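Visitor: sequence first, predicted model second:
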Amino acid sequence: QVQLVESGGGLVQVGGSRRLSCAASGFTFSSRVMGWFRQAPGKEREFVGRISWSGGSTYYADSVKGRFTISRDNVKNTVDLQMNSLKPEDTAVYYCAAGGHYSSSYSHEYDYWGQGTQVTVSS
C-alpha cells in the first residue's frame with residue numbers, strides 16, 4: 001500500500017523557518033522524483049520544487065528559490081522541505097508527491113500524493 005505522510009506543518013511567524021518531512025512507503029522511493037506542491041485557500045495547487053531520484057538535482061519555483069531547499073534520504077525513504085524567510089504568501093497546505101523517474105513540474109506527472117500539512121505564516 002502506497003503511503004506518503006507529511007509532517008511538520010504549523011504556525012510560524014513571518015521571517016521564520018519550518019521544516020516539513022514526508023515519509024514514503026509502498027513503492028520504490030529511490031527510483032522516483034519527489035516533488036512538493038502547495039495549495040492556498042481559493043487558489044489552484046502550485047508547484048514548489050522537486051528533487052531527482054538520486055538527490056543530485058533540485059528545481060524550484062521562482063517564488064521560493066533561494067528560500068526553500070529540498071533534500072531526500074533514500075535509505076530512510078524520506079524527503080524534506082526546509083523553508084526559510086517565510087512570507088504570508090507561503091501560507092498553504094503543502095503536499096509531497098511521488099513522480100516517475102523523470103518528472104517535471106506538472107502535477108499530472110505525479111502518481112502518488114500525501115494528505116497535506118498546513119503551514120500558516122503569521123505576521
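Guide: Thanks, I have the structure now.
Visitor: only C-alpha atoms from now on, for both contacts and neighbour counts.
Guide: OK.
Visitor: shaky segments in this structure?
Guide: Within the chain, no range satisfies pLDDT under 70.
Visitor: assumed Ala97 was part of a strand.
Guide: Yes: counting by DSSP: H, G, I helix; E, B strand; the rest coil, Ala97 falls inside a strand.
Visitor: how about the residue nearest in space to the middle of the chain, nearest residue that isn't a chain neighbour?
Guide: The centroid of the chain falls nearest to Trp36 when counting by Cα atoms, centre = their mean (2.4 Å). Counting by Cα to Cα, 6 or more residues apart in numbering, Trp36 lies nearest to Cys96, which is 4.5 Å off, once chain neighbours are set aside.
Visitor: what's the separation between the one you found and Gly26?
Guide: From Cys96 across to Gly26, the span is 15 Å (Cα to Cα, to the nearest Å).
Visitor: same check, this time on Thr69
Guide: Per Cα to Cα, Thr69 is found 25 Å from Gly26.
Visitor: which of the two has more neighbours?
Guide: More neighbours surround Thr69 than the other of Thr69 and Gly26, with 20 against 9 (other Cα atoms under 10 Å).
Visitor: can you tell me the SS state at that one?
Guide: Here Thr69 is strand, with the state taken from three-state DSSP.
Visitor: is it true that it touches Val79?
Guide: No: with contact defined as Cα atoms under 8 Å, Thr69 does not reach Val79; the gap is 10.5 Å.
Visitor: who does the residue lying closest to Ser104 once chain neighbours are set aside bridge with?
Guide: Closest residue to Ser104 apart from its sequence neighbours, by Cα to Cα, 6+ apart: Arg50 at 7.8 Å. With DSSP bridges as the criterion, Arg50 is bridged to Gly35, Tyr59.
Visitor: Arg50: what's it in contact with?
Guide: Each residue near Arg50 by Cα atoms under 8 Å, 6 or more residues apart in numbering is listed here: 33-36, 58-60, 70, 104-105.
Visitor: much appreciated, bye for now.
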